[in-house]
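Student: Next comes the sequence, and after it the predicted model I'd like to discuss.
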Amino acid sequence: MMVYPVKFAPLSHKRIWGGSQLKEWFGETSEEKIGEYWVLSGHPSSTSTVVNGELTGKSLVELTEMYPDAYLGQSQQKRFPLLIKFLEASDDLSVQIHPSDDYAQIHEGDYGKTEAWYILDADEGAKINYGHSFTDRAHYLEAIRDGKVQDYLNYKPVKQDQIVFVPAQTMHALLAGTVLIEIQQTSDVTYRVYDWNRVEADGKHRELHIEKAADVMRYGDEQQEVNLGTDDRRYMIVDNDQVTHEHLVTCPYFIIEKMIVRDGLHTLQLGKVGNPDVLVVADGAGELSGEGFEPVLLKKGDTVLIPSTVGAYQVSSTSELRLLRTYY
């Protein structure tokens, strides 16, 4: 069986803060509030399966075990190191923080979580929580006891086409009125700091993780050094009538680029020789083609894993195709 670019079935996740816009995009008929669609995941809690070609029905875990050179390459984790989601917040997410790799591996048996958000849609005046003004651990715990966490949250406006980089150990919360693509380390470790005093259907508050959050949180000057915006990291790779290809962010765990293919063909080499590429379709429709594999149709919401054995490939559109490319 030969390797080729594979597409995956989206995995829907109910969330108290979810909405209905993504349900329309992904053809979901459930009445539940859907907050997340995991479109590429090798995490054991929710694993993607292939929907095209001879490998249909195989999980991402099986792919990386059967063809590690092609679908995994040189990974920071033994499993596929990136987890990609579409998120929709019709209500505020909890204020949360993710640990570093070192802390997560000791305390959770998992990896840490650095992530980046590409904003697909945002209401006028939309914002996020990003960072805090706690001076030290004692100050944070005092605010928890006094019920004053909200008084020390920092906020940042967000708008369509913005990239927000969220390193591990950064306090953050996606707030209502925002739809985005999230690219993150493969991890499902979240420490909830504050949940806006809301209760679930059973009348209970969701669990908070006060002490672990205190362990991993940055304070004072160290916290203020976090770059609150990554727009200054953006630069153009190619810009002409047919295609706009832009670098968005680079970190130790992933690189993210944005492409808009308008009317024609854009040829790409792999982002990192020996490692696979991932394409996530943010909007529009088009086609992925190349030597040695059948063309793959692309539509909004599709995620394609391109094996490292593909030296070069082409992305085309007859109208306008907007997508993200990520690799490690």
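Tutor: Cool, the structure landed. Numbering: from 1, shown residues only.

Student: Report the secondary structure element holding Glu142.
Tutor: helix 137-146 (DSSP states H and E).

Student: Kindly spell out which helices and strands sit in contact with the very next helix or strand once past that helix.
Tutor: Tracing the chain C-terminally past helix 137-146 and defining elements by DSSP H and E, one meets strand 153-157 next. Using 3 or more Cβ pairs under 8 Å, 6 or more residues apart in numbering; DSSP states H and E, the elements in contact with strand 153-157 are strand 127-132. Every C-beta, even on glycine, is put in place using the N, C-alpha and C of the backbone.

Student: How about the secondary structure of Lys212?
Tutor: helix (DSSP: H, G, I helix; E, B strand; the rest coil).

Student: Pretty sure His107 is one of the things it touches, is it not?
Tutor: Yes: using Cβ atoms under 8 Å, Lys212 makes contact with His107 at a distance of 6.9 Å.

Student: about what we covered before: relative to strand 127-132, how tilted is the helix holding Glu142?
Tutor: 130 degrees (axes from the mean of the first three to the mean of the last three Cα atoms, to 10 degrees).

Student: what does helix 137-146 rub up against?
Tutor: Helix 137-146 is contacted by residues His132, Phe134, Val149, Asp151, Tyr152, Ile210, Ala214, Met217, Tyr219 when judged by Cβ atoms under 8 Å, 6 or more residues apart in numbering.

Student: Rebuild the residues you listed as JSON lines, extending it with distance to Gly284, neighbour count and pLDDT.
Tutor: Shown next, in JSON lines, are these (distance: Cβ to Cβ, whole Å; neighbours: other Cβ atoms under 10 Å; pLDDT from 0 to 100):
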{"residue": "His132", "distance to Gly284": "38", "neighbour count": "25", "pLDDT": "95"}
{"residue": "Phe134", "distance to Gly284": "43", "neighbour count": "23", "pLDDT": "95"}
{"residue": "Val149", "distance to Gly284": "41", "neighbour count": "20", "pLDDT": "96"}
{"residue": "Asp151", "distance to Gly284": "43", "neighbour count": "10", "pLDDT": "97"}
{"residue": "Tyr152", "distance to Gly284": "42", "neighbour count": "16", "pLDDT": "96"}
{"residue": "Ile210", "distance to Gly284": "44", "neighbour count": "17", "pLDDT": "97"}
{"residue": "Ala214", "distance to Gly284": "44", "neighbour count": "19", "pLDDT": "97"}
{"residue": "Met217", "distance to Gly284": "40", "neighbour count": "21", "pLDDT": "96"}
{"residue": "Tyr219", "distance to Gly284": "44", "neighbour count": "17", "pLDDT": "92"}
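
Student: give me every residue that touches Ser317.
Tutor: Residues near Ser317 by Cβ under 8 Å, 6+ apart: Val261, Arg262, Asp263, Gly264, Gly284, Ala285, Gly286, Glu287.

Student: how's this structure carved up into domains?
Tutor: 6-230, 232-327 (automatic domain parsing).

Student: pLDDT of the last one, averaged?
Tutor: What that stands for is domain 232-327. Confidence over domain 232-327 (mean pLDDT, whole number) is 95.

Student: how distant is that domain from the center of its chain?
Tutor: 16 Å (Cα atoms, centre = their mean, to the nearest Å).

Student: Let me know how buried Leu297 is, in neighbour terms.
Tutor: Leu297 is flanked by 11 other residues according to other Cβ atoms under 10 Å.

Student: How about Pro10?
Tutor: By other Cβ under 10 Å, neighbour count at Pro10 equals 23.
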